[in-house]
Structure formats: structure tokens, C-alpha cells
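Visitor: Mind looking at a prediction? Sequence and model below.
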Amino acid sequence: MIFVPIKDDIQLTPHNIGLTQKDIMYLLTYKELEMGPQHAGGIYNKMKEDLDHNLLKSRAHYYKSVEEMNQQGWIAYIKKGKKKIYSMTPKGKEELNRYRETYLEPFKQVRHLAGFLMSRIAGSYKESVPDISRDKQKLFNRLINVKELTIYLFLKILQDNPDPNPQMTAKEIYEVMGSAYGWTCSIGYLYETAHAIEEGGWIDGAWSGKRRTDYRYLLTVSGEEYLPKAAEDAMYHVRKCYKFMESVIFLLEPSSDLSDSHVSWQNLNV
């Protein structure tokens, strides 16, 4: 019987990247107020059009966030008739800068890794391999299905092996993952995945020595046939990660940096 992994659809939320729903409310408010004073109701209506209901539960919920920002001194208002027109205070600008200094560059690195992997899965080799630290890779791993990406890369690396004797050890595959794709799972997880897909018939393994690292793998006909599906599943999760990070980065970047951007809040509902 062929081993077919269950497609676990990861629900992406701010918590995956160390933020809360309230942080998103704050950032959305800062995003609008950075462009000029506005009424809270107007900001809410813009959010309601584009933002997932799981992030924006009710008008009362949002107004509570605005009131908290006002109490913290991050925003202030003047009254025009019955309406409160809010603007960002110097303290609010400091708080927004804190968000940017903490999250913007790491999030850009995660987006870059996702974009690079998308290009490689699609068959493009134009970009250089990104040098992403392990902690940024761990953040990336919270946003994807590691199992499906590992299966795809394992099979693809075996397929692409130019050696006349195409058998490879797990350690060799692990090294190619890092050098050619800029990402690796843990070596222990790679061995677990290899065992599962060998049982499923996508690879064959044979000993060339007595050590664990002497066990060599070869892609089977079944593995070759499954590879397009593995690529599709891996691409689904990596693209989903890319869109999510692109949307969060949109909230963090200064408005002046986004004159040519087509990104909207709606991708937070990926």
C-alpha cells in the first residue's frame, strides 16, 4: 500500500508568529493613522471589508482596542461634533517603531525563504539560496506543513541526483536540502520521514555498511509518479505562508514604503 500523508491544513493566526489579535488591531489602527487623523468607525469599516472575522470579531471589540490605545497614550482624539477624530501621538510612534524593530526584518526573512522555496518548487533557479538563521527557519516552520515539504524535498533531491549511482544517504539529502533550498528539517525528523516513505514504496533503501549513515535511498517508480502531487502539496503550504507574511509585513512597513504595493489586509484570511 502506498503511504499517502494526510494533508493537515494549518490555520494561520497571529499567534503563529508571536503576535496576538490585539496586536493586529493596534497595527491596523497605526497603519491608518500614520496616513492622517481618522474616525475609529471609518477605520473599522475598512477592516471589516478585508479582514477575516476571526481577527475582527465585532465593532465593540475594536472600539475597546482603540480605547486601550488611547488610555496608553498611543493615540489621542479631538471631538468634531459627536465624532472622535484620532491621531497617533509621539508615544504611539515609539510603540509602532518598537513593533517594526522587533518583527519587520525577521518577518521579511521568513517571507523571502517562502518566496525562494516557491520558485524552486516551480522549477526556477534564478535566485541565490537565502542564508536564513535557524531561529527564522523555526518561525517559518510554524507556518507550514513540515511533513509535506520534507517529503517533497526528499523525493525531489533523489530525482535530481546527477550521480551515475543515484543512491543517497539521509545525511547527503539533508546537506543538499540546506545548500540548494536554504531550509532543512531536523536530521532526526528526516530519518523518520525516510522510514515512512520507504514503507509506502516511494523509495527503496539498502545498506552499504554497518553504520546508520551507510543506509542509502533510491527513488522508486511510485515515488516518481507521486512527485507532482508532493510538489503541489508543498507549494500550497509555502504559498499560504508567503501570503500571510506579506500581509503582516504590509501592516508593519511605513506607508511611504508602500506606494507601489498591491498588498491588502485580505491575505490575513489565507
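Guide: Received the coordinates, thanks.
Visitor: Could you list the low-pLDDT ranges of the protein?
Guide: Confidence mapping of the chain against pLDDT under 70 gives the ranges 1-8, 50-57, 212, 256-270.
Visitor: Go again with 90.
Guide: Under the criterion pLDDT under 90, the flagged ranges of the chain are 1-13, 21, 42-62, 81-82, 124-128, 162-167, 205-215, 247, 254-270.
Visitor: Do a quick rundown of the helices in it.
Guide: Ranges of helices in the chain, per DSSP state H, are 21-33, 40-50, 59-71, 90-99, 105-121, 134-141, 146-160, 170-176, 187-200, 221-252.
Visitor: Would you reformat those as a markdown table and include distance to residue 210 and mean neighbour count?
Guide: C-beta coordinates here come from the backbone N, C-alpha and C atoms, glycine included. Formatted as a markdown table, the helices of the chain follow (distance: least, CB to CB, whole Å; neighbours: other CB atoms under 10 Å):
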| stretch | distance to residue 210 | mean neighbour count |
| --- | --- | --- |
| helix 21-33 | 53 | 21 |
| helix 40-50 | 60 | 16 |
| helix 59-71 | 62 | 15 |
| helix 90-99 | 54 | 15 |
| helix 105-121 | 35 | 20 |
| helix 134-141 | 31 | 16 |
| helix 146-160 | 23 | 22 |
| helix 170-176 | 15 | 19 |
| helix 187-200 | 16 | 16 |
| helix 221-252 | 26 | 19 |
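Visitor: so which of these gets nearest residue 12?
Guide: Closest to residue 12 of the helices of the chain is helix 221-252 (CB to CB; 4.7 Å).
Visitor: of all the helices of the chain, which lies closest to residue 81?
Guide: It is, among the helices of the chain and with distance given as CB to CB, helix 40-50, at 12.8 Å.
Visitor: Can you give me the distance of the residue lying closest to residue 198 once chain neighbours are set aside to residue 43?
Guide: Distances taken as CB to CB, 6 or more residues apart in numbering put residue 205 closest to residue 198, at 5.2 Å, once the chain neighbours are dropped. The gap separating residue 205 from residue 43 is 58 Å, by CB to CB, to the nearest Å.
Visitor: can you check residue 248 too?
Guide: Residue 248 is 18 Å from residue 43, by CB to CB.
Visitor: Show me the residue at the heart of the protein, geometrically.
Guide: Taking CA atoms, centre = their mean, the centroid of the chain lies closest to residue 241, which sits 3.1 Å from it.
Visitor: So it sits against residue 107, correct?
Guide: No: the pair residue 241 / residue 107 is not scored as a contact, 11.0 Å apart, by CB atoms under 8 Å.
Visitor: ok, back up a step: in contact with the closest residue to the residue nearest to the centre of the chain other than its chain neighbours, which residues?
Guide: Once flanking residues are discounted, residue 241 sits nearest to residue 143: 4.1 Å by CB to CB, 6+ apart. Residue 143 is in contact with 10, 12, 16-17, 110, 114, 240-241, 244-245, counting by CB atoms under 8 Å, 6 or more residues apart in numbering.
Visitor: mind giving me TSV with the helices of the chain and columns for distance to residue 83?
Guide: Converted to TSV, these look like this (distance: least, CB to CB, whole Å):
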stretch	distance to residue 83
helix 21-33	15
helix 40-50	8
helix 59-71	13
helix 90-99	19
helix 105-121	34
helix 134-141	40
helix 146-160	49
helix 170-176	60
helix 187-200	55
helix 221-252	25
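Visitor: Of all the ones you listed, which one is nearest residue 128?
Guide: helix 105-121 (8.7 Å).
Visitor: relative orientation of that closest one and helix 221-252 in degrees?
Guide: Angle of helix 105-121 versus helix 221-252, following axes from the mean of the first three to the mean of the last three CA atoms, to 10 degrees, is 150 degrees.
Visitor: Output the contacting helices and strands for helix 105-121.
Guide: If contacts are counted by 3 or more CB pairs under 8 Å, 6 or more residues apart in numbering; DSSP states H and E, helix 105-121 sits against helix 134-141, helix 221-252.
Visitor: need the contact list for the closest residue to residue 110 other than its chain neighbours.
Guide: Among residues not flanking residue 110 along the chain, residue 140 sits closest, at 4.9 Å (CB to CB, 6+ apart). Residues near residue 140 by CB under 8 Å, 6+ apart: 110, 113-114, 132, 183, 241.
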